[in-house]
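Chemist: Sequence first, then the predicted structure:
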Amino acid sequence: MSESTYWFQPPPRPSKIPLPPEEPKIPPVEISIDGSKVVVPAGATILDACKKVGLDTPTICYHDTLTPVNVCRVCVVELDGSRTLVPSCSRKAETGMVIKTDSERVRHSRKMVLEFLQSSVDLSTAPQIVKQAERYGANSARYGESATPAAANERDHRHAGHHEFPPGNRAQTVAQPPKIDNDLYVRDYAKCLLCYKCVEACGTDAQNTFAIAVAGRGFDGRISTEFNNPLPDSACVYCGNCIGVCPTGALSFKSEFDMRKEGTWDESKQTKTDTICSFCGVGCTLSLHVQDNRIVKVMSPGEQEITRGNLCIKGRFGYSHVQNEPDKDARTR
Amino acid sequence: MFGAGGGTNSYGEVEKTDVILLWGSNARETHPIFFHHVLKGVHNGARLFAIDPRRTSSARWADSWLGLDVGTDIVVSNAVAREIIASDLHNKEFINHATIGFEEFARSVESFTLEYAERESGVPAAAIRDMAHAYAKADRAIICWTLGITEHHNAVDNVTSLINLALLTGHVGKYGSGLNPLRGQNNVQGGGDMGALPDRLPGFQHVEVDAFREKFNRKWNATVPPKRGWNLTGMFHAMETGELKSVYVIGENPLQSEADRTRTEGLLKSLEFLVVQDIYLTPTGEMADVVLPAGAGWCESEGTVTNSERRVQRVRKAKEPPLGARDDVDILFELAKRLGHDWGAPNSKDIWDELRSLSPVHAGISYDRLDTGHGLQWPCWDESHPGEMFLHSRLWEKPLNGPPVSFTPVAHDPPVEPLTPEYPLRLTTGRRLDDYNTGVQTSGFSSPLRRGETLDLSPEDAETLGIKDGEIVRVVSRRGAIEAPVRTTQSLRPGLAFMTFHFQDKVNTNILTIDETDPKAGTAEFKACAIRVERLGN
């Protein structure tokens, strides 16, 4: 490169701040929620409108950065003129809509969804969902004792359309032993309520690796790799973005899983600090969860435009080189 | 070329562009989260062209893969330019308005016909033509590159040839159009911005311009030397001539990261005094007279880094360093004190504020603003400025704001080391997804993807040589020989071999690489050396 005009003098600053071209303006829409009027931008969902009026709408399968799949049905609301309840997370607001979010029908429907989930899925690491269940008065005890947990891999071999009812008055369950087939992830599908978020994060919404999908049907539906291969034999690239969106702890870092098992996982002793990953020049924000001066979990904030909550294997797991004990000498690092 | 070294676009613009040229970059593995944005662009309908000798995991997402021979980038880019001009697709309005030197440039690419380019680069003429037309006709188009462009003996020419394409089509200075080098480390961009370049003071202010230097002299109450220093390659050369006798290495492992390890080792050994400051006792550290243990910058100290979209971002201390290790800044302050200069108590915010007072492009980026958001892009001229989303919009202002930009003709110059019957294979190097550089930071975690170092060969070459997958072979270049297991992969064409440099404690790839460097930038030709492969026991 020649030492040209502004090799020595910087170019002048632009006279206007560079901005993207303006989007065409579409008029906002006005809808009614529980009797009050609310105006939202065109393209906003009923859920966005509910948030705007300060309503706390329960959601499970909804996630800011993922395409809604409408599977959990816990966010349903009553829409005047609609035969069925509609999922607020994906239904776009249209001018003139009249919405009820707290009718008997809505409350009943939300309660049933949460009760079924509570009866069949281990929610011990999903306090948010447990809170929702309490709010709607879900009482899964009335379905009786849980059926016997499946043996390891047994549920993975059930055939679609060959569903067998459990004996007598026991509640169906997805209970089964966790899958531990590598040093980074644990898949504890006894905690999986099939929200599809992991599949979406692994698919076109973020990672585009397509290592996992929903296999089977009905109550035998499950998240599976191709041919139910162990993760190391699958397409998985260990970005951990599925763990990042899992709402129940069914997917977790092995570090967290092991500490919970040992009883040493203690969120009250953890700090969370945002910093920047060092492994390339993209500049991903890492939220480092640190307990006793050791990194125990690495996440990324979803509202950050660079990562949208996603990371790669290096950012997510490449911290072992700083896992020194605080009293250890620098020379032994 | 444009007066500031930084990616011209923001990542989000890649999602809204029409054509993406990914040149010499396997972003899918080396910049995975940037590639998420590329994929959003692809899903939104952008056409992706991958220009890479290897059919990488990034190239598998491309509409078209241009598998060129290593070191023929300028052949392809000049042919693209010639085809655009010959088809009358160049942006005459932009060229007249904002550039100079078009006529000379047009003459310089005249001989780069599609037929010549196909013969010289191995890329089918139709594929080059298709890319030229797509790039020129697009409303918005972005070129991204990585070390496949810059780790050559003619790195600067390679970059220049891509800039010429943007000038020719007006794909720069606009939303969704521009030129973006993807940086390999979290602060490659920031390091340069802060003046860690031989000829720059912070904010790209040239050290040989009196007015800039005087500003710093006044602030520091000291005299900045009026001449540029050496780059890394220049330093090694100066060690060779005996001009450089003492070296202070901070956070670098040159013994393993430099090309031609045997030479590097000899030169480091010849030093009178070597200081290494690092988070680890690296092999370079083991050679040092003094080792200063440092905290890990990204999680054991406070400060900022700057990413590939020029975004200044806060790094924060999340944990304590091990006993005896100290923050890099603490070490430097203490050193200054022992040398008789008391700079007071180190504080990253004070240092940053001093920088802001000296570097106009950083003036508006305060710690308060950094802490309440997710970083700010330079240039950011004052505290009410949002930071520039894309650079060089001045080129579209009427009348033109500032001087025009110059086309710079560049000639094709093949890799220094030709292929010969004795060394018939082209070895190129790079990174894999789950490991990083010399492995100092990544070797400790248990990656299920890791297979260790391999010599990757095309199935065809492996068959010709009678080598089975997994067989350990001897790899020989003009500088040395190493042993490594072979892995065959469809991503390589016959004649091309690939290795990383992640596992040098076991396999010393840089014994093989060549230290021919670019005379302007000093980058070494890691991407092209000549090797032969021998079966053991023969």
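Modeler: Great, that's in hand. Remember, it's a predicted structure, so these values are computed and weren't measured experimentally.

Chemist: Which neighbouring elements make contact with the longest strand that chain B contains?
Modeler: Looking across chain B with DSSP state E, the single longest strand is strand B:480-488. Strand B:480-488 sits against strand B:455-457, helix B:459-465, strand B:472-477, with contacts defined as 3 or more CB pairs under 8 Å, 6 or more residues apart in numbering or on different chains; DSSP states H and E. (C-beta placed from N, C-alpha, C; glycine too.)

Chemist: Report the buried residues of the helix or strand following that strand.
Modeler: Using DSSP states H and E, the helix or strand that follows strand B:480-488 towards the C-terminus is strand B:496-499. By neighbour count on 16 or more other CB atoms under 10 Å in any protein chain shown, the buried set for strand B:496-499 is B:496, B:497, B:498, B:499.

Chemist: Run through who's touching the helix or strand following strand B:496-499.
Modeler: For strand B:496-499, the following helix or strand on the C-terminal side (DSSP H and E) is strand B:529-535. Residues from elsewhere that reach strand B:529-535, judged by CB atoms under 8 Å, 6 or more residues apart in numbering or on different chains: B:415, B:417-420, B:422-427, B:455, B:457, B:461, B:465-467, B:471, B:473-478, B:486, B:497, B:512-514.

Chemist: State the mean pLDDT of strand B:529-535.
Modeler: Averaged across strand B:529-535, the pLDDT comes to 91.

Chemist: and what of stretch B:269-280?
Modeler: Mean predicted confidence for stretch B:269-280 is 94.

Chemist: mind checking the end-to-end distance for that stretch?
Modeler: With CA to CA, to the nearest Å as the measure, stretch B:269-280 spans 20 Å from end to end.

Chemist: in the stretch 201-333 of chain A, what spans have low per-residue confidence?
Modeler: A:324-333 (pLDDT under 70).

Chemist: any idea where the strands of it begin and end?
Modeler: A:212-215, A:222-225, A:251-253, A:270-276, A:285-291, A:294-299 (DSSP state E, counting those that start in this stretch).

Chemist: do the same with the stretch 51-200 of chain B
Modeler: In the stretch 51-200 of chain B, the segments counted as strands under DSSP E, counting those that start in this stretch are B:64-66, B:99-100, B:141-145, B:178-181, B:200-201.

Chemist: Contacts for the first one, please.
Modeler: It stands for strand B:64-66. Strand B:64-66 has contacts (CB under 8 Å, 6+ apart) with B:47-52, B:55, B:59, B:76, B:123, B:127-128, B:130-131.

Chemist: Looking at the residue of the stretch 201-350 of chain B found nearest chain A now. What's its pLDDT?
Modeler: Of all residues in the stretch 201-350 of chain B, residue B:307 sits closest to chain A, at 2.7 Å by CB to the nearest CB. Residue B:307 is assigned 94 on the pLDDT scale.

Chemist: How many residues are close by the nearest residue to it once chain neighbours are set aside?
Modeler: Nearest residue to residue B:307, sequence neighbours excluded (CB to CB, 6 or more residues apart in numbering or on different chains): residue A:283, at 2.7 Å. Neighbourhood size, residue A:283 [other CB atoms under 10 Å in any protein chain shown]: 29.

Chemist: Can you classify the residue of the stretch 101-250 of chain A found nearest chain B as helix, strand or coil?
Modeler: Minimum separation of the stretch 101-250 of chain A from chain B (CB to the nearest CB) falls at residue A:183, amounting to 3.9 Å. Under the three-state scheme (DSSP: H, G, I helix; E, B strand; the rest coil), residue A:183 adopts coil.

Chemist: Packing partners of the helix or strand hosting residue B:239?
Modeler: Element membership for residue B:239, per DSSP H and E: helix B:232-241. Helix B:232-241 is packed against helix B:261-269, with contacts defined by 3+ CB pairs under 8 Å, 6+ apart.

Chemist: Please spell out which residues along the helix it packs on are buried.
Modeler: B:261, B:263, B:264, B:265, B:267, B:268.

Chemist: how many degrees apart are it and strand B:480-488 in direction?
Modeler: What separates the directions of helix B:261-269 and strand B:480-488 is an angle of 130 degrees, with axes from the mean of the first three to the mean of the last three CA atoms, to 10 degrees.

Chemist: List the neighbouring strands of the next helix or strand after helix B:261-269 plus their orientation.
Modeler: Counting by DSSP H and E, the element after helix B:261-269 in chain order, helix or strand, is strand B:273-278. Strand B:273-278 pairs in its sheet with strand B:246-250 (parallel), strand B:290-293 (parallel), by DSSP bridges.

Chemist: Show me what the following helix or strand past the first one is packed against.
Modeler: Translated: strand B:246-250. As assigned by DSSP H and E, the chain's next helix or strand after strand B:246-250 is helix B:254-257. If you count contacts as 3+ CB pairs under 8 Å, 6+ apart, helix B:254-257 packs onto helix B:261-269, helix B:283-286.
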